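>>> Give me a model of this one.
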Amino acid sequence: MESDRLHIGIKGCEETLVTEELLAKNVGSGLVRVYATAMMIALIEKAAVLSVEPFLESGQGTVGIHVDVSHCSATPLGMKVRAETELVQIDGRRLVFRVAAYDERGLIGEGRHERFIIDYAKFQAKADAK
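Now for the predicted structure:
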């Protein structure tokens, strides 16, 4: 039985279909009609967020603090993309994930992503006070 506490090895997976809105030329990250790197990163972050959410205390969440991901293969309009994450390190409130993204032909990106556990109310209050 899987622990109900945050632990190494938690995995996440999220999928999307590459639509016009997700193309580099439409998100300001290039002029080509392929899946944008920014959108790949967003899918990876979503997979990481949702993977650990059930293990956090009420009122807690995570925010991204570092992304180190290579985008190694272009994905055309209409193809499915899948992001996979695995929690590989817990250092206090800092979480480190090994991440990868795939389209229907294979690996399109890989690297590491870090998130930090926050209290939503305190975090928002601090941001709003700027």
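>>> Next, count neighbours for Lys80.
12 (other C-beta atoms under 10 Å). C-betas here are computed from N, CA, C, even on glycine.
>>> what's near enough to touch it?
Lys80 sits next to Glu15, Thr16, Leu17, Val18, Asp103, Glu104 when contact means C-beta atoms under 8 Å, 6 or more residues apart in numbering.
>>> Which members of these are the farthest-apart pair?
Thr16 and Glu104 (12.2 Å; C-beta to C-beta).
>>> More neighbours: these two, which one.
Thr16 (18 against 12).
>>> Mind checking what secondary structure Ile44 has?
Assigned with DSSP: H, G, I helix; E, B strand; the rest coil, Ile44 falls in the helix class.
>>> Looking at the spatially most central residue of the chain now. What's its pLDDT?
Against the mean C-alpha coordinate of the chain, by C-alpha atoms, centre = their mean, the closest residue is Glu45 at 1.4 Å. pLDDT recorded at Glu45 is 98.
>>> So it sits against His113, correct?
Yes: between Glu45 and His113 there is a contact at 6.8 Å, judged by C-beta atoms under 8 Å.
>>> which intervals of the protein have sub-threshold pLDDT?
Applying pLDDT under 70 to the chain flags the ranges 1-3.
>>> Mind listing the shared neighbours of Glu45 and His113?
In contact with both Glu45 and His113: Gly64, Val67, using C-beta under 8 Å, 6+ apart.
>>> Dump the helix or strand Leu107 falls within to CSV, keeping only the CA atoms.
Using DSSP states H and E, the element containing Leu107 is strand 106-119. Output of strand 106-119 as CSV, limited to C-alpha atoms (Å, rounded to 0.1, in the frame of the first residue of the first chain):
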residue,chain,number,x,y,z
GLY,A,106,9.2,9.0,-28.7
LEU,A,107,11.1,11.2,-26.3
ILE,A,108,10.8,15.0,-27.0
GLY,A,109,12.2,16.4,-23.7
GLU,A,110,13.8,15.5,-20.4
GLY,A,111,15.4,17.0,-17.4
ARG,A,112,14.7,18.1,-13.8
HIS,A,113,12.1,20.3,-12.2
GLU,A,114,12.1,21.7,-8.7
ARG,A,115,9.0,22.8,-6.7
PHE,A,116,8.6,24.3,-3.2
ILE,A,117,5.8,23.5,-0.8
ILE,A,118,3.9,26.6,0.3
ASP,A,119,1.0,27.6,2.4
